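S.K.: structure of the sequence below:
(2 chains)
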Amino acid sequence: MSPGGAGDGRMPITERLTEGVRAALARAGLPEPEACLWEVPRQAEHGDYATNVALTLARAARRTPRQVAELIVKHFPSLLEVERLEVAGPGFLNVFLSPAWCTRALGEILAAGDAYGRGESERGRRVRLEFVSANPTGPLVIVSARAAAVGDSLARLLRAQGAQITTEFYVNDAGTQFEALARSLEARVLQELGQPASLPDNGYPGDYLVDLAREYLAEQRGASVPEREAADALLVRGGERERLEHFGRYAVSRILEQQRRVLRDYGVEFDVWTSEQRDVRDLHLPEKVLEELAARKLTYEHEGALWFRSSALGEEVGDDKDRVLRRSNGEVTYFAVDVAYHHYVKFRSADRVINLFGPDHHGYVPRMKAAMQALGHPPDAFEVLIVQLVTLLRDGQPVRMSKRRGEFVLMEELLEEVGRDAARFTFLTRRHDSPLEFDLAVATRQSAENPVYYVQYAHARIASIYKQAAEQGIGVPPLGEVDLSPLREGEEIAIIKRLVQYPEIVRGAARALEPHRVAYWLRELAGVFHPYYKNHRVILDDRRLMFARLALCAGVGRVVRNGLALLGVSAPESM
RNA sequence: GCCCCCGUAGCUCAGGUGGAUAGAGCAGCAGUUUCCUAAACUGCGUGCCGGGUGUUCGAGUCACCCCGGGGGCACCA
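M.R.: Residues are numbered from 1 along each chain as shown, chains lettered A, B, ... in the order given. As a prediction, the model looks like this:
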């Protein structure tokens, strides 16, 4: 333990405190704790951090919790971080941080810059994160906006903790939905040509396919003569397979192009876009995995189909029934394709696979987990997060969404109406597995009072202070040279204590895969900064104090910027 | 019928791996600006944390049961 130092300024403060506790326990001859958990007490009288370690250790130490706590206090090493320790209640150990150390910590935050908040807790892990993966059968709708916000933020969080992460959009461009899409487009094209044609029963009735049919025909008119003739011939005489492939590929590529553009406008870019057809089926991976499962004696034939013995894999991972891998008509199921893809592709480049699914897929999770374990992957290596539905309201009235009926609110309409930052922030102030109500009218009307603007405004205000200083010709010294000791106001120390919490918030959010913790915490940070701004002037005659306060503002601005970046939300210089 | 998620203030939601006296935003009411952006600040909250039983020093948090809401239970994806 370096004397009084705080390492590189990135180590969460609680780790230093834990080191102190462990050292004290060792000196007192008490047993080592398995873990030492810290919380920020609700009440200021309980200190800046508190641990219940003495309560958990009392039995093993054969002493009362309070006695253990007293011994920790007695033997606690002298740390610059800690002003004093108190034993409270049934045996809590309350820690009060030293104001002098806080001002030093601010200096380290400023020195760390955009690295402040990064950590190593996921270092060395290769993570494959799949999200959105909407079917390429229509435009993206609201729930994809939520999944995109959550998935993208998770990627940023895990990356900030040192994980090597690959984000992925998986395209289901095969199977029955693909076929329905192809038939739908073909019907629309024929209708545009004035020929009688009707959508198939499971077709897609949305207007976007009418538009697509027109674009298709427009392209045909602009194409070379041989190309046009080939297309005409296909329509008239082509075999069904050929026609479906032709219209299906056209529809998928155009729809994907549009989905990709909307996501990019949202600030979400994927590392890889994989195709079910090209990257799995064409490589015959499903057949291969069926053989592998068969070799492990986990499949059987029944009524002409091939089944996976998913119900026989033990209580913990077992599915409630067996699942079909290959239908009696010879086609492999979506499930078999997915198992093959995960096993041969995802797990080849990652040791941790995380998928974000909609609630309609949660029944699908046990069979996937069973399959992954059957193929030798550790139980925790495959995780599924269920992103719950978004109930969209407009003035309190539910907006029904159904691709089938062709009525829905598009993701791009949402972005147009409430904006990218507000949309992302709103999605990230809810737990991903909690259903969410989003009232378009309210979000638009109240946009100025949306929490996202409250946080962004803190950043803009700080930028404005610097702008004002520059206009007054105040030469601010490099922040590393500013004497921070004039920061003595209780509010100033309280703000720094908040900033000190940040690395831990990020680490916890990454561990729990819960980006909303960052959003809430940023709201709280802004909530201590705005009153401070109101009560104290930054630009004033006392230059020592002014420079110190400017540095404090720079620290707040830095952390707001870093935090918003983890959410994919912008930090504006002015509003 | 079985499985998963949810149930916390009027509304929308937080409550980290069980901790001390349960929080925020919005809505509502009353105020604040010769001063770096009023997208701000200050004040005003009596909640069977859906109900019950249990686990323990301690339960909004864990286990079980019940009630209510949503979703899932295909040789669909």
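
S.K.: in the stretch 151-300 of chain A, what residue lies closest to RNA strand B?
M.R.: Residue of the stretch 151-300 of chain A nearest RNA strand B, by CB to the nearest atom of the strand: A:Gly175 (3.6 Å). Glycine gets a C-beta too; all of them are placed from N, C-alpha and C.

S.K.: now for that residue: which residues touch it?
M.R.: A:Gly175 sits next to A:276, A:334 when contact means CB atoms under 8 Å, 6 or more residues apart in numbering.

S.K.: now the host helix or strand of A:Glu301: buried residues?
M.R.: Take DSSP states H and E as the rule and A:Glu301 turns out to sit in strand A:299-302. Across strand A:299-302, burial judged by 16 or more other CB atoms under 10 Å covers A:Thr299.

S.K.: near RNA strand B at all, the host helix or strand of A:Val87?
M.R.: Assessed by DSSP H and E, A:Val87 sits inside strand A:82-88. Yes: for strand A:82-88, a contact with RNA strand B is found by CB under 7 Å from any atom of the strand, at A:Ala88.

S.K.: and stretch A:386-393, by the same measure?
M.R.: Yes: for stretch A:386-393, a contact with RNA strand B is found by CB under 7 Å from any atom of the strand, at A:386, A:388-389.

S.K.: and which of the residues you listed is nearest to A:Arg517?
M.R.: Using CB to CB, A:Gln388 comes nearest to A:Arg517 of the residues of stretch A:386-393 next to RNA strand B, at 17.4 Å.

S.K.: got phi/psi on A:Gln397?
M.R.: Main-chain dihedrals, A:Gln397, degrees, to the nearest 10: phi -100, psi 130.

S.K.: count the neighbours of it for me.
M.R.: Counted with other CB atoms under 10 Å, residues neighbouring A:Gln397 total 10.

S.K.: and A:Arg323, how far from RNA strand B?
M.R.: Per CB to the nearest atom of the strand, to the nearest Å, A:Arg323 is found 7 Å from RNA strand B.

S.K.: show me the contacts for that residue.
M.R.: A:307-308, A:310, A:333, A:335, A:367.

S.K.: that one bridge partners, please.
M.R.: Taking DSSP bridges as the rule, A:Arg323 bridges to A:Phe308.

S.K.: circling back to that earlier point, the strand holding A:Glu301: partners in the sheet, and parallel or antiparallel?
M.R.: Counting by DSSP bridges, strand A:299-302 is paired with strand A:305-308 (antiparallel).

S.K.: can the strand it pairs with be said to contact RNA strand B?
M.R.: Yes: contact of strand A:305-308 with RNA strand B is found when judged by CB under 7 Å from any atom of the strand, involving A:Ala305.

S.K.: re the thing from before, just the C-alphas of the strand holding A:Glu301, formatted as PDB.
M.R.: Provided in PDB are the C-alpha atoms of strand A:299-302 (Å, rounded to 0.1, in the frame of the first residue of the first chain):
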ATOM      1  CA  THR A 299     -30.500 -36.700 -30.000                       C
ATOM      2  CA  TYR A 300     -33.100 -39.300 -31.100                       C
ATOM      3  CA  GLU A 301     -35.500 -39.800 -34.000                       C
ATOM      4  CA  HIS A 302     -39.300 -39.600 -33.400                       C
END
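
S.K.: what's the distance between the residue of chain A found nearest RNA strand B and A:His343?
M.R.: Sorted by distance to RNA strand B under CB to the nearest atom of the strand, the residues of chain A start with A:Gly363, at 2.4 Å. Counting by CB to CB, to the nearest Å, the separation of A:Gly363 from A:His343 is 21 Å.

S.K.: have a look at the two and say which one is more surrounded.
M.R.: A:His343 (21 against 10).

S.K.: so what's the more buried one up against?
M.R.: A:289, A:292, A:371-372, A:375, A:377.

S.K.: buried residues in stretch A:215-226?
M.R.: Residues A:Tyr216 are the ones in stretch A:215-226 that count as buried (16+ other CB under 10 Å).

S.K.: contacts for that stretch?
M.R.: Here stretch A:215-226 makes contact (CB under 8 Å, 6+ apart) with A:185, A:189, A:192-193, A:227-228, A:231, A:250, A:254.

S.K.: start and end of stretch A:269-288, how far apart?
M.R.: Using CA to CA, to the nearest Å, the end-to-end distance of stretch A:269-288 comes out at 31 Å.

S.K.: which stretch of helix or strand covers the residue nearest to A:His377 when sequence neighbours are not counted?
M.R.: Residue nearest to A:His377 in three dimensions, not counting chain neighbours: A:Phe347, with 6.0 Å by CB to CB, 6 or more residues apart in numbering. Assigned by DSSP H and E, A:Phe347 falls within helix A:347-349.

S.K.: pLDDT score assigned to the residue of chain A closest to RNA strand B?
M.R.: Looking at A:Gly363, its pLDDT reads 85.

S.K.: where's it relative to A:Glu70, distance?
M.R.: 54 Å.

S.K.: which residues of the stretch 301-450 of chain A lie near RNA strand B?
M.R.: A:302-305, A:320-321, A:324, A:327-329, A:331, A:333-335, A:359-364, A:386, A:388-389, A:429-431, A:433-437, A:442, A:446-449.

S.K.: so which residues of the stretch 451-575 of chain A form helices?
M.R.: Under the criterion DSSP state H, counting those that start in this stretch, helices of the stretch 451-575 of chain A are mapped to A:451-471, A:490-512, A:516-535, A:543-567.

S.K.: so the one helix or strand A:Asp152 maps to versus helix A:490-512, what angle?
M.R.: Using DSSP H and E, A:Asp152 sits in helix A:142-160. Angle, helix A:142-160 to helix A:490-512, by axes from the mean of the first three to the mean of the last three CA atoms, to 10 degrees: 100 degrees.

S.K.: next structured bit after helix A:142-160?
M.R.: Counting by DSSP H and E, what follows helix A:142-160 is strand A:164-171.

S.K.: who's in contact with the helix or strand bottoming out on mean pLDDT in chain A?
M.R.: Here the helix or strand of chain A ranked lowest by mean pLDDT, DSSP states H and E is strand A:397-398, holding a mean of 74. With CB under 8 Å, 6+ apart as the test, strand A:397-398 has contacts from A:391-392.

S.K.: after that strand comes which helix or strand?
M.R.: Sequence order places helix A:411-418 as the next helix or strand after strand A:397-398, per DSSP H and E.

S.K.: buried stuff in that following helix?
M.R.: Across helix A:411-418, burial judged by 16+ other CB under 10 Å covers A:411-412, A:414-415, A:417-418.

S.K.: same list (these) but as CSV, adding distance to A:Pro12 and pLDDT.
M.R.: Shown next, in CSV, are the buried residues of helix A:411-418 (distance: CB to CB, whole Å; pLDDT from 0 to 100):
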residue, distance to A:Pro12, pLDDT
A:Met411, 36, 90
A:Glu412, 40, 89
A:Leu414, 36, 87
A:Leu415, 35, 89
A:Glu417, 39, 86
A:Val418, 35, 88
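
S.K.: picking that back up, now do the strand holding A:Glu301: distance to the chain's middle.
M.R.: Strand A:299-302 sits 40 Å away from the centroid of its parent chain (CA atoms, centre = their mean, to the nearest Å).

S.K.: how far away is A:Glu245 from A:Thr51?
M.R.: 64 Å.

S.K.: quick one: low-confidence parts of chain A?
M.R.: Within chain A, the set of residues satisfying pLDDT under 70 comprises A:1-10, A:314-318, A:400-408.

S.K.: show me how it divides into domains.
M.R.: Residue ranges for the domains of chain A, per automatic domain parsing: A:13-97, A:131-272+A:388-441, A:450-567.

S.K.: looking at the ones you listed, which is closest to A:Ala111?
M.R.: Once the domains of chain A are compared by CB to CB, domain A:450-567 is nearest, at 6.2 Å.
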